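> take this sequence and fold it.
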Amino acid sequence: MDRPQMFSDVIYKRLGALARTTAAATLAGTLAACSMSLSSLSLSERTGSIIPSLSGSTTVEAPHLVSFVGNDAWPALKTALVTALIDREDGERVNWKGGHIVAGTVTPIATLTAGDGRRCRRVAITAQGSGRADEMLSEACPVGASGWSVTPL
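Numbers count the residues shown, from 1 in each chain. This next block holds a predicted model:
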């Protein structure tokens, strides 16, 4: 006696190879998105990050960096900076570009404890645009539950 075909068997046979690959990739992406909050939390716990996840409400006080790259490039640099501070180990670079900046990096270079016990990060920031390249060293320390204060070195 033949077993009845399951819906998934019928779909699998009717889809071509390309469609099966696309469906598998979509499923993998959906599963990854579902588990992202748990995996990013455990990553933060392992690396000792202060702020457990990226947030649109993360504030960065860094007027010298806004002057360094300009208002048009600041949103892209801020995103890269927050990613580097929260999710990267010392020496792990984050690439960025935005506004008139065609290439840049943010690299945490040292993690240290401030006198008041806060875990601060030293970062090297590069920016290339308009035919010139610049680098700036800064120190970032957490402020409150969702912010950073960045000062030049």
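
> run through the bridge partners of the nearest residue to A103 once chain neighbours are set aside.
Setting aside the residues directly before and after it, A103 is nearest to Q128 in space (Cβ to Cβ, 6 or more residues apart in numbering), at 4.6 Å. For the C-beta atoms, the positions are set from N, CA and C on the backbone; glycine is no exception. When assigned by DSSP bridges, Q128 has beta-bridge partners A103, A133.

> cool, and T59?
The partner residues for T59, given DSSP bridges, come to G147.

> ok, now which ones touch it?
V143, S146, G147, W148 (Cβ atoms under 8 Å, 6 or more residues apart in numbering).

> V106 too?
L77, A80, L81, T83, A84, R93, V94, W96, V123, A124, I125.

> and G70, by the same measure?
Neighbouring residues of G70 by Cβ under 8 Å, 6+ apart: G99, H100, I101.

> just the buried residues from those residues, in ChimeraX please.
Per 16 or more other Cβ atoms under 10 Å, the buried members of the contacts of G70 correspond to this ChimeraX selection:
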select :99,101
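
> outline the domain layout of the protein.
Listed domain ranges for the chain are 7-47, 59-152 (source: automatic domain parsing).

> now the strand or helix carrying W96: buried residues?
For W96, the enclosing helix or strand under DSSP states H and E is strand 94-98. Neighbour counts over strand 94-98 (16+ other Cβ under 10 Å) mark V94, W96, K97, G98 as buried.

> specify which member of those is nearest to R118.
The shortest gap between R118 and any of the buried residues of strand 94-98 belongs to V94, at 21.4 Å (Cβ to Cβ).

> from T113, how far out is that closest one?
According to Cβ to Cβ, to the nearest Å, V94 and T113 sit 23 Å apart.

> go on, G91?
Separation of G91 from T113 (Cβ to Cβ) stands at 19 Å.

> I'm done for today, thanks for sticking with me.
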